[in-house]
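# Sequence plus predicted model, see below.
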Amino acid sequence: MAVYTDVSDEELGAFIEGYDVGRLLSFKGIAEGVENSNFLVHTDAASFILTLYEKRVNPNDLPYFLNLLQHLADKGLSCPQPVAASGGALLGELAGRPAALVTFLEGMWVKRPKTVHCGELGKAMARLHLAGQDYAGFRKNALDVHGWRPLFDQCSARSNEVHEGLADEIAAELSHLEASWPSDLPSGVIHADLFPDNVFFLGQELSGLIDFYFACNDAFAYDIAICLNAWCFEVDGAFNVTKAKALLKGYASVRPLTADESKALPILSRGAALRFLLTRLYDWLSVPEGAMVTPKDPLEYLKKLRFHQTVKNSEAYGLVA
Ligand SMILES: Nc1ncnc2c1ncn2[C@@H]1O[C@H](COP(=O)(O)OP(=O)(O)OP(=O)(O)O)[C@@H](O)[C@H]1O
Ligand SMILES: N[C@@H](CCO)C(=O)O
């Protein structure tokens, strides 16, 4: 997260008074992340995370996200739970933004995930997919293959400022993906942003998942492809097949992949790499003035994309045919 919107002590105090969560002791902005504004709130009863939803969140989607957290927690998944205000509403307004209070989850995210973490992640992701199967809400993925071109159109003119030739490279990839994107894969609720900073561990044990604000209904295997990108590359850009194997094995131990899903991993991984290349590129070119945020490097995902373009089949990800 980040802090885009300033909140005064008085505003926050008045907001918290609307909840039965004890007396406000302190709060501070959280610099991590890039999407929404987040504050860590301590009361004399417990700690909470207060989120003010920013640009990429459509306020109409907030009930989908907040009810999903509730649904998943009811199914035994460890994730933040929305806290209802005294009047019963999960969603409020603060400093002109939609805002919600959620419970604080214990644990730390792992900056350099090891193979064991990838295995745990795979299991947790599969559990999430199963737990979401009877969730009544539906949200189309706004950043699916159909959402990438409009995003590219908004930043294509300036992409070569970031890397010479980038506009042409993205345009070619986009056309390829639009022509060959698979449909009819098993689908349901996916997290869609399950990066290491959204997965908490206590030691080697996974303690919970956070940040469900890209969650949507899409192919389960696309969620896996996002994680192959986010968890299985080393800092020097090399793909670590051992980590991928552990991730896929962990996943399959809870929910086995269908043959179609296995076959689709290379194209889905290309798509996932392009999705994060595009959002990072857009953000890189449009940091709001005065915002407390560090944009993420788009070129990290260009390198990942180029790796996936060389992949011939899913065995490259450690799947045995
Ligand atoms: N429920 C929670 N419990 C504990 N810490 C949390 C919780 N929610 C958020 N945080 C803290 O706030 C940080 C930023 O949160 P989050 O990842 O949701 O932000 P974001 O802007 O959506 O980030 P991203 O760039 O991953 O989309 C987390 O790394 C974590 O330290
Ligand atoms: N996880 C994303 C940021 C949130 O969309 C990224 O690393 O680009």
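Cool, the structure landed. Residues are numbered from 1 along each chain as shown. Ligands and ions are numbered 1, 2, ... in the order given.

# The helix ranked longest in the chain near ligand 2 anywhere?
The residue-count maximum for a helix in the chain (DSSP state H) belongs to helix 259-284. Yes. Applying Cβ under 6 Å from any ligand atom, one finds helix 259-284 touching ligand 2 at F276, T279, R280. Where C-beta positions appear, they are placed from N, C-alpha and C, glycine not excepted.

# Let me see the contact set for L24.
By Cβ atoms under 8 Å, 6 or more residues apart in numbering, L24 lies in contact with L12, G13, I16, E17, V41, H42, T43.

# Compare these and tell me which is most surrounded.
Neighbour count (other Cβ atoms under 10 Å) singles out V41 as the most crowded of the contacts of L24, with 22 neighbours.

# wait, isn't that residue in contact with I30?
No. Applying Cβ atoms under 8 Å as the test, V41 and I30 come out as separate, 10.5 Å apart.

# Could you tell me which residues touch both of these two?
Joint contacts of V41 and I30 (Cβ under 8 Å, 6+ apart) are I49.

# Torsion angles phi and psi at P98?
phi -60, psi 140 (degrees, to the nearest 10).

# Please work out how many residues are found near it.
18.

# bridging residues for it?
Per DSSP bridges, the residues bridged to P98 are E93.

# Contacts only, for it.
Neighbouring residues of P98 by Cβ under 8 Å, 6+ apart: L52, Y53, V57, P59, L62, L91, G92.

# So the closest residue to G22 other than its chain neighbours, which state does it fall into?
Closest residue in space to G22, ignoring its immediate chain neighbours: A45 at 3.1 Å, by Cβ to Cβ, 6 or more residues apart in numbering. Classification of A45 by DSSP: H, G, I helix; E, B strand; the rest coil places it in coil.

# again with the one 5 residues further on
Under three-state DSSP, L50 falls in the strand class.

# Can you tell me the closest non-neighbouring residue to it?
That would be F39: by Cβ to Cβ, 6+ apart, it lies 4.4 Å from L50.

# Torsion angles phi and psi at V189?
phi -80, psi 130.

# mind putting the residues of helix 259-284 next to ligand 2 in JSON lines, neighbour count included?
Below are those laid out as JSON lines (neighbours: other Cβ atoms under 10 Å):
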{"residue": "F276", "neighbour count": "21"}
{"residue": "T279", "neighbour count": "23"}
{"residue": "R280", "neighbour count": "20"}
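
# If we check ligand 1, which of the residues you listed are in contact?
Among these, ligand 1 is touched by none when using Cβ under 6 Å from any ligand atom.

# Please identify which residue in the stretch 151-300 of the chain comes closest to ligand 1.
D211 (3.2 Å; Cβ to the nearest ligand atom).

# if we can go back for a sec, ok, the residue nearest to L50 to G88 distance?
Using Cβ to Cβ, to the nearest Å, F39 is found at 22 Å from G88.

# Ligand 1 contacts on the stretch 151-300 of the chain?
D193, F195, D197, N198, I210, D211, Y213.

# what sits against the fourth one?
N198 makes contact with W109, H191, L209, I210, D211, according to Cβ under 8 Å, 6+ apart.

# try the first one
Residues near D193 by Cβ under 8 Å, 6+ apart: D211, Y213, F214, I226.

# And what about it, helix, strand or coil?
Relying on three-state DSSP, one would call D193 coil.

# just to revisit the earlier point, among the contacts of L24, which one lies nearest to ligand 2?
Nearest to ligand 2 among the contacts of L24 is V41, at 22.2 Å by Cβ to the nearest ligand atom.

# Show the pLDDT at that closest one.
V41 is assigned a pLDDT of 95 by the prediction.

# State the distance from R56 to ligand 1.
9 Å (Cβ to the nearest ligand atom, to the nearest Å).

# where does the residue most central in space within the chain fall, phi/psi-wise?
Nearest residue to the geometric centre of the chain (Cα atoms, centre = their mean): D193, 1.7 Å. Per-residue torsions, D193: phi -150, psi 40 (degrees, to the nearest 10).

# ok, it to A230 distance?
Distance, D193 to A230, using Cβ to Cβ: 9 Å.

# and if you look at N160?
Distance, N160 to A230, by Cβ to Cβ: 26 Å.

# which of these two has more neighbours?
Neighbours around N160 and A230, counted as other Cβ under 10 Å, are more numerous at A230. The numbers are 22 against 12.
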